[in-house]
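> can't give you the sequence, but here's the structure:
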Ligand SMILES: Nc1ncnc2c1ncn2[C@@H]1O[C@H](COP(=O)(O)OP(=O)(O)OP(=O)(O)O)[C@@H](O)[C@H]1O
């Protein structure tokens, strides 16, 4: 360890250290490479089939480039023949021909690099999109992050995929045409040198490959370990950036600096090991390369010195030597490329392992908790993530039943993984309009109860019955302890998570005209295959349905808003207003439509679910009129902007505007008004109640009790008390 970089522990906790996992070039890695390749080259009916197109073009162009390389390589031997024979008549035409070949060679090389880059970009798009569309899902992201099923999933999706794309494009460019060239140059070399030329070169390659294999294996696991640590290091910097104010206020710079240095040192240790191991690998591969050039003279020297070509004159012999040395050197070079690529291959294998591990976790249901066992009104099991905002059940009860449906908790018990019992046999029934106030000492399990109600955690035993919704208002919404403000505009914060955004964003617009044409041809072909009335089972774009969300449809249905509803005396959403209002009539995303995955407001016309007038009115209602007047409604800001530029109370008010926009039947607020002044809290709860929202409030604020009819107190020892106020 460098003395300068050494850091003292300063009496703080040990920095976590881990051994590098042992990954070598084995059967498992081969299978993983096959798995990723299969994903990468999905057929052209998917919008991502374009990797295949880029790959074909890359192979064609690099094959063509090799033809120009061959003719370029023969130029010197032709000049030897012309110059030694002093053939003036042939000199001019040869010069012109050579110029043409050299220019073609340059064009071929540039095109190879271009298509290699295109292949890289498309591979990255396909894989990152494939993984993140499975990762950012209700039953994937939270369990993976909270249970640490995979380290740094974010890094695997971003950096590792990018590096995989780069190395795989290099390997493809250099290795795919290599076997063809090896055969061609073997035949040519054989013609000039006889059998022992290729035999010598092949023996040389086998020795080099065996040595590389042994030197490469340890590097794979080190690359893996370094990549992992890179993720930790970067995350620490992002963390410091996000919490710069808190660190500054508490003068925590020294502590954070120490932690960052420890992280940096860990990376440097891995990198140093990689450099050391790669030294031996490089030594072997480079020496192999230099030995190859000497070998080419040995290969032509043997037949010449044995007298095979004694009948040739000086011009013929110099042409032969030049030609033979080019052929055998190029054959050796192809082998050298194969052996040298061993270094890239070890990196490549490291990335493959990290990426496929995450994919395996995403595809393996058994690694994650089973879907929560909450039940619907009919008593049958359901997916809790389907309750509330998004998908609705085809078995959903009728509207009238819905409005009287209660929230039931039966014999619910939860024991922490540490073995501590938080609550036992918790049972209550909450009718709409019956607000529940949950309190108890710190750590008694209030937030844990919310996680169970929402389905993020599974109860140890018992059943939660959360009514479904088939109305414009979601049945239940949860608001976490710290206000959640996301990357987006003021508008986006209020309508989050915007129900007009489809589950899978459409990426079609990011593809070139050529891709679209090829996909169009493919789709016509599929349709023709399915017959005149048949339709292909493959959808043109998304692999999930993009059908209209019932919630969104209802948002546009004025009759629902007009319906007399004692619980919702004044619907927030008005049907009149500017064109932007309810632009979600075009709820089905069209080809070429922007997805929300881009760094811009998700509130573009196709996703509007709230008019600007209504937005301003909502902000006024929650006491954020100043904000509504001074801030652009649709300009995107980073999430840190919102947390830095709004006071904690303002942030909570903004979240309350979201609650009023959605008007869920039940709203679970975990300390949701803790930073809001007493007068505003009273106003907000009164507003919410007048709009038919039933509150389940977790709070230590006594003032809030006045708005609730039931009280639940957890003692954190497994017992609870339930009382009516
Ligand atoms: N993932 C976890 N693994 C183990 N224990 C956990 C986990 N999450 C929370 N706990 C523990 O569960 C207990 C209950 O936590 P919870 O957040 O539900 O308390 P709370 O009543 O909401 O507290 P507060 O009033 O401070 O918000 C705490 O002792 C906490 O340490």
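Received, thanks. This is a predicted model, so every value here is computed, not measured.

> list the contacts of residue 120.
For residue 120, the contacting residues are 165, 166, 168, 169, by Cβ atoms under 8 Å, 6 or more residues apart in numbering. In short, each C-beta sits where N, CA and C put it, glycine included.

> just curious, which of those is nearest to residue 104?
For the contacts of residue 120, the minimum distance to residue 104 (Cβ to Cβ) is 22.8 Å, reached by residue 169.

> what helix or strand is the closest one located in?
According to DSSP states H and E, residue 169 maps onto helix 161-175.

> that helix - contacts with which helices or strands?
helix 50-84, helix 88-135, helix 314-363 (3 or more Cβ pairs under 8 Å, 6 or more residues apart in numbering; DSSP states H and E).

> let me have the contacts of residue 120 in a markdown table, adding distance to the ligand and pLDDT as columns.
As requested, those are exported to a markdown table (distance: Cβ to the nearest ligand atom, whole Å; pLDDT from 0 to 100):
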| residue | distance to the ligand | pLDDT |
| --- | --- | --- |
| 165 | 35 | 93 |
| 166 | 37 | 91 |
| 168 | 38 | 90 |
| 169 | 41 | 89 |
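
> those residues: which two are farthest apart?
Within the contacts of residue 120, two members stand farthest from each other by Cβ to Cβ: 166 and 168, at 7.4 Å.

> returning to that earlier point: any idea how far the helix holding residue 169 is from the chain center?
Offset of helix 161-175 from its chain centre (Cα atoms, centre = their mean, to the nearest Å): 19 Å.

> just the angle between the next helix-or-strand element following it and helix 314-363, please?
Once the chain leaves helix 161-175, the next helix or strand it forms, by DSSP H and E, is helix 178-193. Interaxial angle, helix 178-193 versus helix 314-363 (axes from the mean of the first three to the mean of the last three Cα atoms, to 10 degrees): 160 degrees.

> so what does helix 178-193 touch, helix or strand wise?
Counting by 3+ Cβ pairs under 8 Å, 6+ apart, helix 178-193 packs on helix 196-242, helix 253-305, helix 314-363.

> can you do 6 Å?
With contacts taken as 3 or more Cβ pairs under 6 Å, 6 or more residues apart in numbering; DSSP states H and E, helix 178-193 sits against helix 196-242, helix 314-363.

> tell me the most buried of these?
Comparing those by mean neighbour count (mean count of other Cβ atoms under 10 Å), helix 314-363 ranks first with a mean of 21.

> now the angle from it to helix 253-305?
Using the same axes, to 10 degrees: helix 314-363 against helix 253-305 is 150 degrees.

> let me see the mean pLDDT of helix 314-363.
On average, the pLDDT along helix 314-363 is 83.

> for the protein, which residues are neighbours of the ligand?
416, 417, 418, 422, 440, 442, 443, 444, 445, 446, 447, 448 (Cβ under 6 Å from any ligand atom).

> show me where the stretch 551-700 of the chain has its helices.
558-562, 612-621, 625-630, 639-645, 648-662, 678-690 (DSSP state H, counting those that start in this stretch).

> between these, which gets nearest to residue 363?
Of all the helices of the stretch 551-700 of the chain, helix 639-645 sits nearest to residue 363, with 29.6 Å by Cβ to Cβ.

> so which of the helices of the stretch 551-700 of the chain is the most surrounded?
Stretch with highest mean neighbour count among the helices of the stretch 551-700 of the chain: helix 648-662 (a mean of 21; mean count of other Cβ under 10 Å).

> return the distance of it from the chain's centre.
That offset, for helix 648-662, works out to 29 Å (Cα atoms, centre = their mean).

> again with stretch 273-290
Distance, centroid of stretch 273-290 to centroid of chain: 34 Å (Cα atoms, centre = their mean).

> quick one: furthest residue from the center of the chain?
The C-alpha centroid of the chain is most remote from residue 311, which lies 67.3 Å away (Cα atoms, centre = their mean).

> which ones are touching it?
Contact analysis of residue 311 by Cβ atoms under 6 Å, 6 or more residues apart in numbering lists nothing.

> and what about it, helix, strand or coil?
Here residue 311 is recorded as coil under DSSP: H, G, I helix; E, B strand; the rest coil.

> residues near residue 175, how many?
Residues near residue 175, counting by other Cβ atoms under 10 Å, number 15.

> can you check the pLDDT for it?
78.

> check the gap between the nearest residue to it once chain neighbours are set aside and the ligand for me.
If the residues on either side of it in the chain are set aside, residue 175 comes closest to residue 341, at 5.9 Å by Cβ to Cβ, 6 or more residues apart in numbering. For residue 341, the distance to the ligand equals 45 Å [Cβ to the nearest ligand atom, to the nearest Å].

> how near is the nearest residue to residue 703 once chain neighbours are set aside to residue 144?
Excluding the flanking residues, the one nearest residue 703 by Cβ to Cβ, 6+ apart is residue 678, at 5.7 Å. Residue 678 sits 41 Å away from residue 144, going by Cβ to Cβ, to the nearest Å.

> for the stretch 501-650 of the chain, give me the ranges with low pLDDT.
Applying pLDDT under 70 to the stretch 501-650 of the chain flags residues 501-516, 518-519, 522, 526-608.

> which single residue of it ends up nearest the ligand?
Nearest residue of the stretch 501-650 of the chain to the ligand: residue 648, at 15.5 Å (Cβ to the nearest ligand atom).

> list the contacts of the residue lying closest to that residue once chain neighbours are set aside.
Distances taken as Cβ to Cβ, 6+ apart put residue 675 closest to residue 648, at 3.9 Å, once the chain neighbours are dropped. By Cβ under 6 Å, 6+ apart, the residues touching residue 675 are 648, 649, 652.
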